[in-house]
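J.: Need a 3D model of the following:
(chains A and B)
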Amino acid sequence: MEPRRGVIAPELERWSRDADDGDRRTALVRLRGGAEVERAAERLTSLGMEVTSSGPGSVVGTVSPPVLRLIGQETWVLAVEGPRTLRSLQHG
Amino acid sequence: MEPRRDTVLDARLRRAAAFADLDLPADESIGARALDVSGRAAETRRTTVKLLVRSAELASAESWLEGVGGHVVSAPPDPGSSGQVVVLAGVPVTALSSLDRQPWLVRAEAPKEMFTRMDRARGPVTGVDAVQTAHGDLTGAGVLLAVVDTGVDWAHPDFRHGDGTTRLERFVHAHVPEGSDESRFDVFEASAINKALNGGPPIPTGDPGGHGTHCASIAAGNGRGTTDRRFRGVAPEASLMGVRAEPLLDVHIIEGIRQAFDLAGDRPAVVSLSLGGHFGAHDGTSAIENEIARATGPGRIVVVAAGNEGDDGVHAQGRLVVGEELSFTVRVPDTGLVFCDVWIPRGDKVDVFVETPSGTRFEPNTGETSTPDGVFVADFVENPVNREQNLTFLMINGTVDERWTIRVTPLSVVHGEVHAWAGSVDGGRLMFPGAPLAGYSIGMPATEERAVAVGSLISRNEFEGPQGDSTLPGLAVDVVSSFSSQGPTRIGVQKPDIVAPGQVVTAALSAGSDMATSPRLAARRHPSGKYVTIQGTSMATPFVAGIVALMLQREPRLTPEEVQQRLRVTARRDATTGPVWNPRYGWGKLDAEALFRS
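T.: Numbers count the residues shown, from 1 in each chain, chains lettered A, B, ... in the order given. So this is what the prediction gives:
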């Protein structure tokens, strides 16, 4: 059995299949080594991403399903991920 | 007006000397109250004093102390014959006037807060009080300390200056508005907080959960919630930034880290993260680990909690052998949205299946599968970042106590080491029943090599509750907390780095928060109503973040590697920790005295 290969995380891909084209959600775009964050953010904005945060190695913003698919085709994109929930580490 | 030049005593000592000379009733004397000697009989009133003494005259100082009934608490072993040295001495209050006239004395100071009642986390176990007694200027001043968490109660007295203005330079509310899937970041500068404190335009509540406030207070609270400031934090004069991340999404935390280092500018900064998770590769390649790796550097440090899953069965591992099926059984102790994340090395060829409690096998596919035992999704993908094979199993509405099985059938094996983590995404719980608790329970992002990863040490078993002093019987002191997560990481990085006080820790209580109203914590709330006693690696982390702020105050350009190295080499190691790195204790127990001596 071969694992599925692609830069878009499965949960985002599922969402983009089911959501309306006008729906939006937060996504995190990881950049390949050598990609400049500022230029990446500009390019993502031009593709339709509403960038809310950019910094070393990744750009955070909101995307619609069509925009997500466009981002997944960019060669400098390493991965596109949905937000992950963390937990406070108070015990008990 | 000319300043006084006829005394070398500081103001508190002068007041104490005047109190002794005038023989006022103790409870009417500011000097006596300031040194906390008012409740003692006159002959036993004694105070610890920092004496700046000419090196060549150290013997004269010791002789004088002996003559007045005082004693040397601490003196440098090799004072030399020139320059000056600091001697810590116990001095009877009645001898302070005489002390002021001694020719060998350059300066005498009462240690800051020396006589207040300390939270024991600061005391003998870690040596923080001793450090700040000997180095009164080590307060975190000039360092930005950011707590990225559930928020900070900006109205709490511990985060306000003496004039009532806020100590927070910035407060960020990272949130997902109701009915939306989009994160928003609302930023409030100190001016907006001060206006809100004075009845101006309101800003969002600081910390409805209460967790972040407790953490911020451990790191940098100034203790103003009680008159004797007994619950002040490690770096009480650090500049503060608070992030209320709601929920605790990694994108909110990442933006918090960015805002903190941006706000710091040329100043040194430390970010405290008392949070984590297990959904991911545990190898430094997740987005938040990557952010820490790339955002940190000279004067930019991130401290992270190791996790509380040391005895929770969140991890399992196995070895692929051709011809043998490897299986991971997970149990549902509590329903919700839960996950099991299996990592299979690249190059190993496998088939993977999910087996329901009733024995039906499913191959991973891209959609949701509905079964009588629950709805699940199983994705088998090659992770685009580390190129390893990842089976992600997500389930909702499982049945309590039922067991699901992930089966891995090896076809060809190159590497063969498989790791799996289970946990909760949104409510509920999933675990590996009977899995050996032998490491790899350290959470992300503590798994990032450049983060300072902190486990929890039990530094006390007593606290002040609503009915006075309470003792937790059976809680051994100076050992690691049983819940503290264990290293190493999946790729063998030796984390945690260190353990610090994380159990029975009293710190600020966010007004009106879940912690302030939860009946579960009723017995843990301090009579003042401003503090609460809780536990977790969450509490150990800001303690170390505060220590790092002190380190950066002294050496603003320390790198993450230098900070880690110094914490490690100065950590206290004993029979419980062993002589080398230990999966539970890391490199040992935080030892602030040794750290600042080095």
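
J.: Please read off the pLDDT at the residue of the stretch 251-400 of chain B found nearest chain A from the model.
T.: Nearest residue of the stretch 251-400 of chain B to chain A: B:Arg294, at 3.5 Å (C-beta to the nearest C-beta). All C-beta atoms are positioned from the backbone trio N, CA, C, and that covers glycine. In the predicted model, B:Arg294 carries a pLDDT score of 93.

J.: Repeat that for A:Thr85.
T.: On pLDDT, A:Thr85 comes in at 92.

J.: can you map out the strands along the stretch 401-550 of chain B?
T.: B:403-412, B:417-426, B:429-431, B:452-458, B:462-465, B:468-471, B:479-480, B:498-503, B:505-508, B:531-534 (DSSP state E, counting those that start in this stretch).

J.: could I get those strands as TSV with distance to chain A?
T.: Shown next, in TSV, are the strands of the stretch 401-550 of chain B (distance: least, C-beta to the nearest C-beta, whole Å):
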stretch	distance to chain A
strand B:403-412	8
strand B:417-426	6
strand B:429-431	11
strand B:452-458	8
strand B:462-465	14
strand B:468-471	16
strand B:479-480	13
strand B:498-503	8
strand B:505-508	10
strand B:531-534	6
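
J.: Quick one: the ones you listed as TSV, columns for distance to B:Thr369 and mean neighbour count too.
T.: Output for the strands of the stretch 401-550 of chain B, formatted as TSV (distance: least, C-beta to C-beta, whole Å; neighbours: other C-beta atoms under 10 Å in any protein chain shown):
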stretch	distance to B:Thr369	mean neighbour count
strand B:403-412	12	18
strand B:417-426	17	21
strand B:429-431	17	23
strand B:452-458	37	31
strand B:462-465	49	18
strand B:468-471	50	10
strand B:479-480	41	20
strand B:498-503	41	31
strand B:505-508	44	29
strand B:531-534	40	25
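
J.: Make a markdown table out of these and add mean pLDDT.
T.: Below are the strands of the stretch 401-550 of chain B laid out as a markdown table (pLDDT from 0 to 100):
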| stretch | mean pLDDT |
| --- | --- |
| strand B:403-412 | 97 |
| strand B:417-426 | 94 |
| strand B:429-431 | 94 |
| strand B:452-458 | 97 |
| strand B:462-465 | 86 |
| strand B:468-471 | 84 |
| strand B:479-480 | 96 |
| strand B:498-503 | 96 |
| strand B:505-508 | 95 |
| strand B:531-534 | 94 |
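
J.: In a markdown table, list those along with distance to B:Leu521.
T.: Below are those laid out as a markdown table (distance: least, C-beta to C-beta, whole Å):
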| stretch | distance to B:Leu521 |
| --- | --- |
| strand B:403-412 | 34 |
| strand B:417-426 | 21 |
| strand B:429-431 | 21 |
| strand B:452-458 | 18 |
| strand B:462-465 | 10 |
| strand B:468-471 | 13 |
| strand B:479-480 | 24 |
| strand B:498-503 | 15 |
| strand B:505-508 | 12 |
| strand B:531-534 | 6 |
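
J.: residues contacting the residue in the stretch 51-200 of chain B that chain A sits nearest to?
T.: Nearest residue of the stretch 51-200 of chain B to chain A (C-beta to the nearest C-beta) works out as B:Asp181 at 3.5 Å. Taking C-beta atoms under 8 Å, 6 or more residues apart in numbering or on different chains, we find B:Asp181 in contact with A:Asp23, A:Arg24, A:Arg25, A:Thr26, A:Thr62.

J.: I only care about the residues you listed that end up buried; give me the ChimeraX line for that.
T.: The following ChimeraX line selects those of these that are buried, judged by 16 or more other C-beta atoms under 10 Å in any protein chain shown:
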select /A:24,25,26,62
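
J.: I'd like to know which of the contacts of B:Asp181 is nearest to B:Asp469.
T.: Nearest to B:Asp469 among these is A:Thr26, at 47.6 Å by C-beta to C-beta.
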